[in-house]
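>>> the sequence and its predicted three-dimensional model are supplied below.
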2 protein chains.
Amino acid sequence: MKNTKISNAVINRLPRYRRYLKELEKKGVEKISSKEFSELIGYTASQIRQDLNNFGGFGQQGYGYSVKGLREEIEAILGLDREYRMVIMGAGNLGKAIYNYTKTFKGAFRVVGVFEIRKDLIGKKLGTHEIMDYEGIVEFVETEHVDIGIICVDRENAQEVADKLCFAGVKGIWNFARTDIEVPPHVALEVVHLSDSLHALAYHMNDIKKKGGSR
Amino acid sequence: MKNTKISNAVINRLPRYRRYLKELEKKGVEKISSKEFSELIGYTASQIRQDLNNFGGFGQQGYGYSVKGLREEIEAILGLDREYRMVIMGAGNLGKAIYNYTKTFKGAFRVVGVFEIRKDLIGKKLGTHEIMDYEGIVEFVETEHVDIGIICVDRENAQEVADKLCFAGVKGIWNFARTDIEVPPHVALEVVHLSDSLHALAYHMNDIKKKGGSR
DNA sequence: TAGATTGTTAATCGATTAACAATC
DNA sequence: TAGATTGTTAATCGATTAACAATC
């Protein structure tokens, strides 16, 4: 295995490659060249080949790539060939939202528990899950082999909840709280700032308007 | 106004600058130098100054930046000084999730309608909103001055819903559907692929494990 | 074998960082 | 005025694209 550190830009394109490959597979396409793939996905053929060759030579000269084979390789690289057990921290609006969303998942990622600090919510149901007391999180992570903690609590509590999860032994944190958090180096962190995304959208809307006006 | 096209990398940092400035304001901090800001936010002082100077000279030599002033400038740049009216397209799990999430918003972004294709859901309530028939979307966008369409429908219907929204006259699309969509150049598009984000998290978790093992 | 297309090296482009003159 | 810190130009770094030899 090549072991120069892979850049985030590359990693963030992998799930997208996979999505397109799954679509192709569904359509019964068996092989694809980097040139054809380029036209479909919108990256240059060069970039596609560069990206894939970070991980290995998955293609065949003169032929192209096997759609199924490449999809499987990418899934192995991403680690989608195993199950991830997740807990949702916070059962407020944000927690509910993410819980509902995770229900649409098939496959590798499964919510195994929902936790809350506010005593009045504990014991209530969120979908099929009973909301549990935050006090019990450390034990739960251990006994239930939780891999990922999803942070859906208030800005004020996000760091403290993250600390607790890391202490308990999760291997990844998916942060939806409206603040930045820090985790130790042995824990992976992925951040989704939905409001930042919406603000960027607002910028682009106004940018387009401005350009239109000056034409 | 300078008018070389601003890169996305810069734009995506602006909401983050704003978040930190708001925190500082809350704490009563009145001025900050790029160096101090750098230590707080984790970008280099150089980058902060470069970023801001894309839009204007907001600082003062020998002094730094006014926290409140800079926050206001950034909000103006992002276009947060006005209201955005949004519709949610799709009242399934994803639509419900995003609806719940938008309830936590204060300020500039407001959901004014929820639409659905599936007849059995039409007329039901989602929070305070009655779910409306997709058939009526074009008229609604016009009469209610909708700015943004949030796409929460199935992969299969995403492009068709986007087309209809663009035809109806929205200025921005926020896409949560698990597929890529295309919009005309006068419409802004911002994409949130939550499952892609989760896949990247899985990659990083496995990457850390591998490195730990080989140490 | 000849044609096609990869894997990989080299060239280009863009974004980040460093340096410093301008100026409050 | 002297010290501090910006605004901006120049240098560096990294990522993308182009080119082409290797090879199926």
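Arrived safely, thanks for sending.
>>> list the contacts of residue A:58.
A:52, A:65-66, A:69-70, A:73 (Cβ atoms under 8 Å, 6 or more residues apart in numbering or on different chains). Every residue, glycine included, has its C-beta placed from N, CA and C.
>>> could I have the buried ones of the residues you listed as ChimeraX selection syntax?
Selection of buried members from the contacts of residue A:58 for ChimeraX, criterion 16 or more other Cβ atoms under 10 Å in any protein chain shown:
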select /A:52,65,66,70,73
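>>> which ones among the contacts of residue A:58 are found in helices?
Of the contacts of residue A:58, the ones assigned to helices by DSSP state H are A:52, A:69-70, A:73.
>>> picking that back up, among the contacts of residue A:58, which one sits closest to chain B?
Among the contacts of residue A:58, residue A:73 lies closest to chain B (Cβ to the nearest Cβ), at 13.1 Å.
>>> what's the pLDDT at the nearest residue to the closest one once chain neighbours are set aside?
Closest residue in space to residue A:73, ignoring its immediate chain neighbours: residue A:58 at 5.2 Å, by Cβ to Cβ, 6 or more residues apart in numbering or on different chains. Residue A:58 carries a pLDDT value of 98.
>>> which helix or strand contains residue A:58?
In the assignment (DSSP states H and E), residue A:58 maps to no helix and no strand.
>>> could you tell me the phi and psi values at it?
The phi/psi pair for residue A:58 (degrees, to the nearest 10) reads phi -90, psi -10.
>>> give the contact list for residue A:181.
By Cβ under 8 Å, 6+ apart, residue A:181 lies in contact with A:151, A:158-159, A:162, A:173, A:175, A:189.
>>> do that again at 10 Å, thanks
Residues near residue A:181 by Cβ atoms under 10 Å, 6 or more residues apart in numbering or on different chains: A:151, A:155, A:158-163, A:166, A:173, A:175, A:189, A:191.
>>> not counting sequence-adjacent ones, nearest residue to it?
Closest residue to residue A:181 apart from its sequence neighbours, by Cβ to Cβ, 6+ apart: residue A:162 at 4.6 Å.
>>> what's the burial count for that neighbour?
24 (other Cβ atoms under 10 Å in any protein chain shown).
>>> cool, and residue A:148?
Residue A:148 - counted by other Cβ under 10 Å - has 25 other residues nearby.
>>> CA atoms only for the longest helix seen in chain A - export them in CSV, please.
If each helix of chain A is counted by residues according to DSSP H, the longest one is helix A:194-214. Extracted in CSV, the C-alpha atoms of helix A:194-214 (Å, rounded to 0.1, in the frame of the first residue of the first chain):
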residue,chain,number,x,y,z
LEU,A,194,-25.7,23.4,8.1
SER,A,195,-26.1,27.1,8.8
ASP,A,196,-22.6,27.8,7.3
SER,A,197,-23.8,26.0,4.2
LEU,A,198,-27.0,28.1,4.1
HIS,A,199,-24.9,31.3,4.5
ALA,A,200,-22.8,30.3,1.6
LEU,A,201,-25.9,29.8,-0.4
ALA,A,202,-27.1,33.3,0.5
TYR,A,203,-23.8,34.7,-0.7
HIS,A,204,-24.0,33.0,-4.1
MET,A,205,-27.6,34.2,-4.5
ASN,A,206,-26.6,37.8,-3.9
ASP,A,207,-23.5,37.4,-6.0
ILE,A,208,-25.5,36.2,-9.0
LYS,A,209,-28.0,39.0,-8.6
LYS,A,210,-25.1,41.6,-8.5
LYS,A,211,-23.6,40.2,-11.7
GLY,A,212,-27.0,40.1,-13.4
GLY,A,213,-27.6,43.7,-12.5
SER,A,214,-24.3,45.0,-13.9
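>>> any idea how far the most centrally placed residue in chain A is from residue B:202?
In chain A, the centroid-proximal residue (Cα atoms, centre = their mean) is residue A:190; its distance is 7.0 Å. Residue A:190 sits 9 Å away from residue B:202, going by Cβ to Cβ, to the nearest Å.
>>> got it, and residue A:85?
For residue A:85, the distance to residue B:202 equals 12 Å [Cβ to Cβ].
>>> give me the common contacts of these two.
Common contacts of residue A:85 and residue B:202 (Cβ under 10 Å, 6+ apart): A:109, A:147-148.
>>> low-confidence regions, chain A specifically.
Residue ranges of chain A with pLDDT under 70: A:1-4, A:212-215.
>>> SS state for the residue of it found nearest DNA strand D?
In chain A, the residue found nearest to DNA strand D is residue A:62; the distance is 2.5 Å by Cβ to the nearest atom of the strand. Following DSSP: H, G, I helix; E, B strand; the rest coil, the label given to residue A:62 is coil.
>>> need the phi and psi values for it.
In terms of degrees, to the nearest 10, the main-chain angles of residue A:62 are phi 80, psi -10.
>>> contacting residues around it?
Residues in contact with residue A:62, defined by Cβ under 10 Å, 6+ apart, are residue A:33.
>>> sorry, back to before: overlap of the contact sets of residue A:190 and residue B:202?
Each of A:148, A:172 lies in contact with both residue A:190 and residue B:202 under the rule Cβ under 10 Å, 6+ apart.
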